[in-house]
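# any chance you could fold what I've pasted below:
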Amino acid sequence: MKLYQYEGRCNLAGERIRQRRQSLGLSQEQLAARLQLRGLELGQKAVSRMETGSRVIPDYELLWLAQALETTTAWLLGEEPET
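Residues are numbered from 1 along each chain as shown. The predicted structure is shown next:
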């Protein structure tokens with residue numbers, strides 16, 4: 001399967017994931033733990049790779065990320081303005 005990149009990144013949401021995580025005062029490990037409590041088995045390294053844009057984020061993971069980060073998928077994708 002060919003992976004397409006946007007501005008050298010494998011996802012659109014990584015920068016917003018990092019921004020929201022930091023605004024909540026969470027470490028990457030703490031975000032991973034929140035996701036694991038919801039049933040999504042991701043570790044700190046996966047979170048790091050999402051944030052740097054080196055990992056594709058499937059739609060179902062984006063939904064869980066939005067819940068764990070107390071925001072919307074639209075905001076994570078840059079469709080809503082930054083607050």
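# for the most centrally placed residue in the chain, give me its contacts.
Against the mean C-alpha coordinate of the chain, by C-alpha atoms, centre = their mean, the closest residue is Ile17 at 4.3 Å. Counting by C-beta atoms under 8 Å, 6 or more residues apart in numbering, Ile17 makes contact with 47, 50-51, 65, 69, 76. C-beta coordinates here come from the backbone N, C-alpha and C atoms, glycine included.
# could you rerun that using 6 Å?
With contacts defined as C-beta atoms under 6 Å, 6 or more residues apart in numbering, Ile17 is in contact with 50-51.
# mind telling me what element it is part of?
Secondary-structure element containing Ile17, defined by DSSP states H and E: helix 14-23.
# could you do Trp75 as well?
helix 73-76.
# okay, that helix in PDB with CA atoms only?
Listed next in PDB are the C-alpha coordinates belonging to helix 73-76 (Å, rounded to 0.1, in the frame of the first residue of the first chain):
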ATOM      1  CA  THR A  73     -11.900  15.200  15.600                       C
ATOM      2  CA  ALA A  74     -12.700  18.300  13.600                       C
ATOM      3  CA  TRP A  75     -10.400  20.300  15.900                       C
ATOM      4  CA  LEU A  76      -7.600  17.700  15.700                       C
END
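# so which elements touch that helix?
helix 59-68 (3 or more C-beta pairs under 6 Å, 6 or more residues apart in numbering; DSSP states H and E).
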